[in-house]
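Student: Provided below are the primary sequence and the corresponding predicted coordinates.
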Amino acid sequence: MTMPTVPRQLPRWRPDLGYTWVLGDFAVRALLRDAPERALEVRLHRDADARLRADLTAACEAAGVPLRSDDAAVEAKRSKANATVLALLRSDDDALDPTAPQVALVRPREAGNVGTALRTAVALGVRDVAVIGGIDPRSPHVLRASLGTAFAARVARPASLAAWADAARRTSGAPPLLLHGRATRSLRDLAPRGGAPLRLAVGPEWPGFDAADLAHGTPVRIDVDPDAESLNVAVALGIALHHLGAGPAR
């Protein structure tokens, strides 16, 4: 695979750059621990403390990742003065595991929701996530919101819900479940799944799945109080995964 060339002065992020970045020692440590093959280089601010410097030096040496001092890059990209390290990484897609549970986020519109949904999926035992349209899951804002959990997941961007759903039928033997607030079937009607790997899609919070989307799976709703307008994408995902038995092995 051809590695992208990263300039010293980082531009405004765009999906077509071929690379992205993440700020903060927690997220950078997670990258070097969980996905070192993605890392391109680490840039450190002069305010980084001695222990962080020593830890990152050891981790970068072990992973074969360059470490350099670059106050300007960190200061240009950070939103808080206590962020003293930035890592650059490849932004290409992962290959999803066809034998493992998968969730799809369809046309998500908030970077924070995508990052939190990634954290929720991994926490509940699902490490294969498709993001279809909407926010790019490799944006710095999503990676920051995931608190490093994005590096423990396999993330891909299928061309369409139809393409992902077709693959779901082939690998799981059934159409995917589509979380939809106006579905006639309730999540409570479904027993925890066993056997075939789970395929679950969550649409945008508003207006949700459209009629064309609903043709690609089995709509199912989460029963909520009628006075509640909607659930956050990550909250809805967590409820569904917990109910469907997608949690980590005990």
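Tutor: Nice, I can see it.
Student: How is the protein divided into domains?
Tutor: Structural domains assigned to the chain are 15-90, 102-243, following automatic domain parsing.
Student: rank those domains by pLDDT, which is bottom?
Tutor: The stretch with the lowest mean pLDDT among the domains of the chain is domain 102-243, at a mean of 93.
Student: the strands in this structure, which residues?
Tutor: Using DSSP state E, the strands of the chain run over 19-23, 39-44, 67-69, 85-90, 102-106, 128-132, 154-156, 177-179, 199-202, 218-220.
Student: What helices and strands are in contact with the last one?
Tutor: Put plainly, it is strand 218-220. Strand 218-220 is packed against strand 177-179, with contacts defined by 3 or more Cβ pairs under 8 Å, 6 or more residues apart in numbering; DSSP states H and E. Heads up, the C-betas are built off the backbone N, CA and C, glycines and all.
Student: Give me the sheet partners of the strand it packs on and which way each runs.
Tutor: When pairs are called by DSSP bridges, strand 177-179 turns out to pair with strand 199-202 (parallel), strand 218-220 (parallel).
Student: just to revisit the earlier point, which among the domains of the chain is found nearest to Gln9?
Tutor: Among the domains of the chain, domain 15-90 comes nearest to Gln9, with 7.4 Å by Cβ to Cβ.
Student: circling back: give me whichever of the domains of the chain is most buried.
Tutor: Greatest average neighbour count among the domains of the chain goes to domain 102-243 (a mean of 19), per mean count of other Cβ atoms under 10 Å.
Student: re earlier: any chance of CSV for the strands of the chain, columns distance to Val235?
Tutor: Listed next are the strands of the chain as CSV, based on distance: least, Cβ to Cβ, whole Å:
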stretch, distance to Val235
strand 19-23, 24
strand 39-44, 31
strand 67-69, 38
strand 85-90, 28
strand 102-106, 13
strand 128-132, 16
strand 154-156, 20
strand 177-179, 11
strand 199-202, 10
strand 218-220, 16
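Student: who wins for proximity to Thr116 among those strands?
Tutor: Closest among the strands of the chain, using Cβ to Cβ: strand 102-106, at 10.8 Å.
Student: quick one: contacts of that closest one?
Tutor: With Cβ atoms under 8 Å, 6 or more residues apart in numbering as the test, strand 102-106 has contacts from 96, 114, 117, 121, 126, 128-134, 137, 158, 161, 164, 168, 176, 197-204, 209, 213, 233, 237, 241.
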